[in-house]
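**Q** pasting the sequence and the predicted model now:
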Amino acid sequence: MADLFKGYKGQALGLLKSYNIRVWSDTSVKTTRGDFRGIVLPRSENDDDRHIVLKLATGYNVGIAVETVLDMKEEGYKEAHYKIPEKEFPFSEDKPNVKLFGTGGTIASRLDYRTGAVIPAFSPGELYGAVPELADICNLTTEKLFAVFSENMGPKQYIKLAISIGKEIEKGINGIVIGHGTDTMHHTASALAFMIQNSPVPIVMVGSQRSSDRPSSDAALNLMHATKAAAESDIAEVMVCMFGPTSDEYGLLHSGCRVRKMHSSYRSTFRTLGDIPLAMIDREKITPLRDNYNKRRNDKNVKVLPYFEEKVALIYYYPNMMPDIIDALVDNGYKGIVIAGTGLGHVNKPVYPAIERATKAGVAIYMTVQTLWGYVHMFVYDTGRDLMSKGIIPAENMLPEVAYIKLGWAFGQTNDLEEVKKIMLTPVCDEITEREPYNGYLVFQGGIPEMEEFLKRVHK
């Protein structure tokens, strides 16, 4: 009997029993908030007992509060089995070889209704079963390095990933794909861009904003685009491959040191800041948008610098910031601090003594701008000049997160502050550019007549 009500308990279980409704039944539900029809899904064993869950015909799930239900009726029944089919991935001698590393991102997945968690499809057979188009692109092999949410990716994972990628390149792989959660993908991308230099092949990071069981999922198309980029592109850099517009017309390839996640849920969340993307990509072609990138080579030579010092920090300045924040970092042995300052690179005067104490103690402090676009200019106002006199170093137009990653990478190689400075201010992967093109800064403002007219003619 328990199997008929998988995962339900308490009030929700009582409701289903009272109307004789089974899990997996096609059910119509009348509520105080309207009428619904869909498949009754199992609940996670960790969920509450106050809701039932329906999968609607649209493919989306809706939770219905028990106290709102007026009537329920079973319209049909067919038990579902959520498992991605697995087929042997075909091998072809005339196709390039691509290695996919998994870190825990759910680029292709099924839902485990026992726990409510998403189970990633990851073996070549599973991926082929989920996205058979991959076999038209390359010969794919996979290796799961980690099984962590992206917020748990950090220096240990960066280092292992960089070393693993280096080994594959030395074996002669034609391209690398890295499945990664989207929340911190731009941090990992910049870490790999610093740690893996002079790569002869593309290194492409990819994820999905919406899980594979949703009709609007971007997982399959992102994976096809990323695999195509790794197999065929002549852009031999660390890149992020995600949706371009919110539609599925094309994806974009972003430089790993100039990309940032800019929206919590849009599929078009990743944007190149201070420049334009490297290329557009769809299932048929790759269209470069720039020509200043490292080209694919036929050799196996790569420089791997897998270093990171964990005692570095990123501080987002806010009005009325107190000096004890910086003092606490110094007291806890931090070697470097990146500040995302206001305007051209400013903080308030009460913080000055803490900055001076920190730099005198040998802590390196670098300034970035929280505007994200633009350069640090600390010669313009007295504030900037005063801060530089206390030891703060302007970090040009590095994005705050990129400067944080680079500072950890620099201290991973040396404790000599002059050498750290040299590393920080020497461009490696376009993290510092001589200029930001005019079309590298675009922020649309809705409501303005000319913009509304423009938006009618273009993609979101």
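**A** In hand now; what should we look at? Numbers count the residues shown, from 1 in each chain.

**Q** contacts only, for residue 360.
**A** residue 391 (Cβ atoms under 8 Å, 6 or more residues apart in numbering). For the C-beta atoms, the positions are set from N, CA and C on the backbone; glycine is no exception.

**Q** cool, the one 5 residues further on as well?
**A** Applying Cβ under 8 Å, 6+ apart, one finds that residue 365 lies in contact with 336-339, 355, 358-359, 391-393.

**Q** go again using 10 Å as the cut-off
**A** By Cβ atoms under 10 Å, 6 or more residues apart in numbering, residue 365 lies in contact with 313, 315, 326, 329, 336-339, 354-355, 358-359, 387, 390-393, 395, 407.

**Q** how about residue 177?
**A** 98-102, 107, 134, 138, 140, 142, 202-206, 223, 226-231, 241.

**Q** wait, a strand at it?
**A** Yes. When classified by DSSP: H, G, I helix; E, B strand; the rest coil, residue 177 is found to be part of a strand.

**Q** could you shift the numbering so residue one becomes 744, and keep it that way?
**A** New numbering, starting at 744: the last item is residue 920.

**Q** what's the spacing between it and residue 812?
**A** Between residue 920 and residue 812 the distance is 46 Å, computed by Cβ to Cβ, to the nearest Å.

**Q** which secondary structure elements does the helix or strand containing residue 760 contact?
**A** Assigned by DSSP states H and E, residue 760 belongs to helix 753-762. Contacts defined by 3 or more Cβ pairs under 10 Å, 6 or more residues apart in numbering; DSSP states H and E place helix 753-762 against strand 768-774, strand 794-799, strand 804-808, strand 812-820.

**Q** the shortest one packs against which elements?
**A** The one in question is strand 804-808. By 3+ Cβ pairs under 10 Å, 6+ apart, strand 804-808 packs against helix 753-762, strand 768-774, strand 777-783, strand 794-799.

**Q** now the shortest one: buried residues?
**A** Translated: strand 794-799. By 16 or more other Cβ atoms under 10 Å, the buried positions in strand 794-799 come out as 794-798.

**Q** please export the C-alpha coordinates of it as PDB.
**A** Extracted as PDB, the C-alpha positions of strand 794-799 are listed here (Å, rounded to 0.1, in the frame of the first residue of the first chain):
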ATOM      1  CA  HIS A 794       1.600  19.700  -0.400                       C
ATOM      2  CA  ILE A 795       0.900  17.400  -3.300                       C
ATOM      3  CA  VAL A 796       2.900  17.800  -6.500                       C
ATOM      4  CA  LEU A 797       1.500  17.500 -10.100                       C
ATOM      5  CA  LYS A 798       3.400  17.500 -13.300                       C
ATOM      6  CA  LEU A 799       1.300  19.500 -15.700                       C
END
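
**Q** strands paired with that strand, and their directions?
**A** Neighbouring strands of strand 794-799 in its sheet, by DSSP bridges, are strand 777-783 (antiparallel), strand 804-808 (antiparallel).

**Q** which other residues reach the first one?
**A** Under the contact criterion Cβ under 10 Å, 6+ apart, strand 777-783 has outside partners 748-749, 751, 759, 764-773, 795-805, 807, 811-823.

**Q** make it 7 Å
**A** 764, 766-772, 795, 797-800, 805, 807 (Cβ atoms under 7 Å, 6 or more residues apart in numbering).

**Q** just the CA coordinates of that strand, formatted as CSV?
**A** C-alpha atoms of strand 777-783 as CSV (Å, rounded to 0.1, in the frame of the first residue of the first chain):
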residue,chain,number,x,y,z
GLY,A,777,-8.3,27.2,-9.6
ASP,A,778,-8.4,23.9,-11.4
PHE,A,779,-5.4,21.8,-12.3
ARG,A,780,-4.7,18.5,-14.1
GLY,A,781,-1.6,16.5,-14.2
ILE,A,782,0.4,13.5,-13.0
VAL,A,783,0.7,13.0,-9.2
